[in-house]
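[1] Give the three-dimensional model of this entry:
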Amino acid sequence: MIETKFYILNYEADGLSNPYMLGSIGTPEKWEWQLYEPLPEKIKINESYTLDITESNIENIGFDYYENPEVIVSSRFLDICNKFSVPYRAIPLKIINKGKEISSSYFYFLPGKSIEAMDKRYSEYTVSKDDRTGDFLKSEIWPNIELYDEIKKFVPKCDISLDLFRCIENLKIIVSERFKLEAEKNKIIGISYETLDDSYSFDIWGTLNDL
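    Just a heads-up that it's a prediction; the model follows:
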């Protein structure tokens, strides 16, 4: 049923150049966009963004992909996106460590497409309801999208043609198999891949606070 394989991007820390936590002070303190931005192409960026690393044990930064939960990527990651004409918004980010600017180019990364990727016909899930009214609960980010109490079996739609997108159901960034292979070929650092197929399920309660 699934014609194209898809993979969830997870940040893979090593405690070295891929820190477990990028402890830092951001300037300005607030972004000009939402964490899970539904319309990144409409954002007006007026500020310049800087992260000053405060963790004394971080000697260097080497990742191409970081997520916790904001997504930061290198220009090498963007090169893969550009090869496959992936829509995205990249906001330049200056990273400073021990008083010196990191030489590599980094960006806050906002996927250009957010879609419902779950095929409801074959998946197993429970839609959230208001205890008082019995009405189905809707996302505040995507107002017409229902929330779920639980998804026991997540079957992806078979007609997805995107190479990278945000999955609305689990809020994760998903890539196609050819994107994954190209990233592995170019030794993109900081990513582990989790297969998105009919064996995948997740705890929706772990994400509700972000909606």
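
[2] Every contact and neighbour count from this point should use C-alpha atoms.
    Noted.

[3] all helices of this protein, in order?
    Listed in chain order, the helices of the chain (DSSP state H) span 75-83, 177-185.

[4] With distance to residue 54 added, can I get those helices in TSV?
    Listed next are these as TSV, based on distance: least, Cα to Cα, whole Å:
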stretch	distance to residue 54
helix 75-83	23
helix 177-185	30
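
[5] Nearest to residue 4, out of those?
    Among the helices of the chain, the nearest to residue 4 by Cα to Cα is helix 177-185 (7.1 Å).

[6] buried residues in that closest one?
    By neighbour count on 16 or more other Cα atoms under 10 Å, the buried set for helix 177-185 is 179, 180, 183.

[7] so which of the helices of the chain comes closest to residue 90?
    helix 75-83 (8.4 Å).

[8] Could you list the alpha-carbon positions for that closest one in CSV?
    Presented in CSV, the C-alpha positions along helix 75-83 are these (Å, rounded to 0.1, in the frame of the first residue of the first chain):
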residue,chain,number,x,y,z
SER,A,75,24.0,25.0,5.2
ARG,A,76,24.9,21.4,4.3
PHE,A,77,21.4,20.3,5.3
LEU,A,78,19.9,23.1,3.2
ASP,A,79,21.9,21.9,0.2
ILE,A,80,20.0,18.5,0.4
CYS,A,81,16.7,20.4,0.7
ASN,A,82,17.6,22.5,-2.4
LYS,A,83,18.6,19.5,-4.4
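
[9] So for that helix, mean pLDDT?
    Helix 75-83 carries an average pLDDT of 99.

[10] contact partners of stretch 172-191?
    Residues from elsewhere that reach stretch 172-191 (Cα atoms under 8 Å, 6 or more residues apart in numbering): 4-13, 18, 62-66, 76-77, 80-81, 84, 111, 162-167.

[11] partner strands of the helix-or-strand element of the chain with minimal mean pLDDT, parallel or antiparallel?
    One helix or strand of the chain scores below all others by mean pLDDT, DSSP states H and E: strand 200-202, with a mean of 86. Partner strands and pairing direction for strand 200-202 (DSSP bridges) are strand 148-154 (antiparallel).

[12] So which bits of the strand it pairs with are buried?
    Using 16+ other Cα under 10 Å as the test for burial, strand 148-154 gives 148, 150, 151, 152, 153, 154.

[13] contacting residues around the fourth one?
    Remark: with contacts taken as Cα under 8 Å, 6+ apart, residue 152 is in contact with 123, 124, 125, 200, 201, 202.

[14] and the gap between it and residue 62?
    As judged by Cα to Cα, to the nearest Å, residue 152 and residue 62 stand 36 Å apart.

[15] The first one now?
    Residue 148 is 37 Å from residue 62, where distance means Cα to Cα.

[16] Then the last one?
    Separation of residue 154 from residue 62 (Cα to Cα): 33 Å.

[17] Show me what the top strand by length along the chain is packed up against.
    When the chain is parsed with DSSP state E, its longest strand is strand 88-97. Applying 3 or more Cα pairs under 8 Å, 6 or more residues apart in numbering; DSSP states H and E, we find strand 88-97 packed against strand 49-53, strand 106-111.

[18] For the closest residue to residue 112 other than its chain neighbours, list the residues it contacts.
    Spatial nearest neighbour of residue 112, chain neighbours left out: residue 88 (4.0 Å); criterion: Cα to Cα, 6 or more residues apart in numbering. Contact partners of residue 88, counting by Cα under 8 Å, 6+ apart, are 40, 41, 109, 110, 111, 112, 113.
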